[in-house]
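1. Output the structure for:
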Amino acid sequence: MGAQFRITPDKSSGIDGPVDVEVLDLVPERRLVMQWSANTLHAEMVWELAPTDSGCRLLVVQTGFLGTPQSVRARQVRAAYWYMFARALPALLADATGAGAANRAGP
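-> Prediction:
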């Protein structure tokens, strides 16, 4: 815990500039809590995995915004998360398991 790093989000996120990240809590393979700070952002991110009968469930909770009207930020976050979780994450997981390569190979 206490690890710190900087990320540069995509322009479509609505976040202006780099984001400083600090890991607040880590339980391997179960939970990750991070503090994200930037010019228009001050948020806590909680990522939790819970086993299910068919695999696992990912819960992501983001709280604490500053600098942008809440309705604007909520639209930006929903759009960014929709892209990440509905498109980018499934493709990444398919590639990690080899399913993506098999699907691209064709007949």
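2. hang on, residue 72 in a strand?
-> No - looking at residue 72 with DSSP: H, G, I helix; E, B strand; the rest coil, it is helix, so not inside a strand.
3. Can you get me a residue count around it?
-> By other Cβ atoms under 10 Å, 12 other residues sit near residue 72. Every C-beta, even on glycine, is put in place using the N, C-alpha and C of the backbone.
4. Direction included, what does the helix or strand residue 61 falls within pair against?
-> Using DSSP states H and E, residue 61 sits within strand 55-63. Strands flanking strand 55-63 in the sheet, each with its direction: strand 41-52 (antiparallel) (DSSP bridges).
5. Now the partner strand: buried residues?
-> The neighbour-count check on strand 41-52 (16 or more other Cβ atoms under 10 Å) flags 41, 43, 45 as buried.
6. Against residue 91, how distant is the first one?
-> Shown here: residue 41 relative to residue 91, a distance of 26 Å by Cβ to Cβ, to the nearest Å.
7. Please apply the same query to the last one.
-> To residue 91, residue 45 is 21 Å away according to Cβ to Cβ.
8. dump the residue contacts of residue 44.
-> Listed by Cβ atoms under 8 Å, 6 or more residues apart in numbering, the contact partners of residue 44 are 24, 33-36, 62-64.
9. quick revisit: report the distance from the strand holding residue 61 to the chain centre.
-> How far strand 55-63 lies from its chain's middle: 9 Å, per Cα atoms, centre = their mean, to the nearest Å.
10. Any regions of the chain where pLDDT drops low?
-> Residues of the chain meeting the criterion pLDDT under 70: 1, 12-16, 65-70, 73, 77, 99-107.
11. Now do the helix or strand that contains residue 78: which elements does it pack against?
-> Using DSSP H and E, residue 78 sits in helix 70-83. Based on contacts counted as 3 or more Cβ pairs under 8 Å, 6 or more residues apart in numbering; DSSP states H and E, there is no element that helix 70-83 packs against.
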